[in-house]
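Asker: Next one to model:
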Amino acid sequence: MLQELLYRCKDDSKPLPDKPTLLADCLKAVLPICNKGNDAKNIKKNLSKIVESTKEAQMYRPFTEVSNLAFDRLSKINPPGLLRSKAHDDEKILFHQNDPKNIIQKHQGEASTRRPDVVIVSRTSAKKVSKHPDQPYKDEQALEKPAKRFQWTDVRSTVEFKHNKLRTGVSNPPKTYAVNAYDVPEAKKYMKYRRETNDTAKATDVTPLPGSSAATSSRQTSDARTSKLS
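Answerer: Next up, the predicted model:
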């Protein structure tokens, strides 16, 4: 699936690489971020904090920090075949802690209140809810709850956390990440994207129960037509 998603981000202005080559080049470009330098240390440190957390809220900060670090570093690499990331783009997305702030939306006169743990927003949107929106935005501000409420129109997606006290199957990150060769079975090499079908929906004969709203509505319509004809 990653191979298919990457191929949809290809640079059409250049010769198109085949899908396996594009995936291999991207993984090769990403591995140094995970394995070398201070970035790799910070990534593993925050992943370990998530694993070692004892409460749900303890996961927000390390998750947000490691995700934004990864976003920032990924925007600076340029694997051959992919579109380049725009520099100094305020519309670049980032993860931002939202809990315990509510997001309130009114629709058809009714108010809906939700409290996502973490949201994905643009830097422009994050700056609007910061303590000092007139000052340059720093990504560290995303590690804390917003000073003002986000609007749903600003939110690209949400992240919810559930803490499992049993901690089964959870382990600390490895010392070194590696890419293992994987031969995709022939039957799984091609995704069916937006598959269309010629099957038409067949109407079913449904008789509404006596006294049901559907039956009442049908009788009222029939009576109205009869009165007009008469």
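Asker: In this structure I93 contacts D154, no?
Answerer: No. In this structure, I93 is not within contact of D154 by C-beta atoms under 8 Å, at 10.9 Å. (Glycine included, C-beta is placed from N, CA and C.)
Asker: contacting residues around the residue sitting nearest the centre point of the chain?
Answerer: Nearest residue to the geometric centre of the chain (C-alpha atoms, centre = their mean): S157, 5.1 Å. With contacts defined as C-beta atoms under 8 Å, 6 or more residues apart in numbering, S157 is in contact with V119, I120.
Asker: quick one: it from D134, how far?
Answerer: Distance of S157 to D134, computed by C-beta to C-beta, to the nearest Å: 27 Å.
Asker: Then L74?
Answerer: L74 sits 29 Å away from D134, going by C-beta to C-beta.
Asker: quick one, which of these two is more surrounded?
Answerer: More crowded of L74 and D134, by other C-beta atoms under 10 Å: L74, with 14 against 6.
Asker: ok now do that one, which residues does it touch?
Answerer: Counted by C-beta under 8 Å, 6+ apart, L74 has contacts V30, I33, S85.
Asker: Which pLDDT value belongs to it?
Answerer: Note on L74: pLDDT of 88.
Asker: same question, D99
Answerer: The model's pLDDT for D99 equals 96.
Asker: before we move on, back to that, I'd like the contacts of L74 as JSON lines, with pLDDT appended.
Answerer: As requested, the contacts of L74 are exported to JSON lines (pLDDT from 0 to 100):
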{"residue": "V30", "pLDDT": "91"}
{"residue": "I33", "pLDDT": "91"}
{"residue": "S85", "pLDDT": "78"}
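Asker: Where neighbours are concerned, which of those residues has the most?
Answerer: Most crowded among the contacts of L74, counting by other C-beta under 10 Å, is I33 at 19 neighbours.
Asker: So for the helix or strand that one falls within, what gets flagged as buried?
Answerer: Using DSSP states H and E, the element containing I33 is helix 19-35. Neighbour-count burial for helix 19-35, counted by 16 or more other C-beta atoms under 10 Å, picks out K19, L22, L23, A24, D25, C26, V30, I33, C34, N35.
Asker: low-scoring stretches of the chain, by residue?
Answerer: Residue ranges of the chain with pLDDT under 70: 87-89, 166-169, 182-230.
Asker: Show me where it has its helices.
Answerer: Remark: helices assigned in the chain by DSSP state H are 2-7, 19-35, 37-52, 60-74, 123-128, 213-229.
Asker: returning to that earlier point: now for the buried residues of helix 19-35: which two are most distant?
Answerer: Using C-beta to C-beta, the pair of the buried residues of helix 19-35 lying farthest apart is K19 and N35, separated by 24.8 Å.
Asker: so what's the nearest residue to L23 once chain neighbours are set aside up against?
Answerer: For L23, ignoring the flanking residues on the chain, the nearest one in space by C-beta to C-beta, 6 or more residues apart in numbering is Q3 at 4.4 Å. Shown in contact with Q3 (C-beta under 8 Å, 6+ apart): K19, P20, L22, L23.
Asker: Look up phi and psi at K36.
Answerer: phi -130, psi 140 (degrees, to the nearest 10).
Asker: Quick one: residues contacting it.
Answerer: So K36 contacts nothing (C-beta under 8 Å, 6+ apart).
Asker: Can you tell me how far it is from L16?
Answerer: Taking C-beta to C-beta, one finds K36 at 30 Å from L16.
Asker: returning to that earlier point: just send the helices of the chain back as TSV, with distance to K162 too.
Answerer: Shown next, in TSV, are these (distance: least, C-beta to C-beta, whole Å):
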stretch	distance to K162
helix 2-7	25
helix 19-35	26
helix 37-52	13
helix 60-74	13
helix 123-128	25
helix 213-229	39
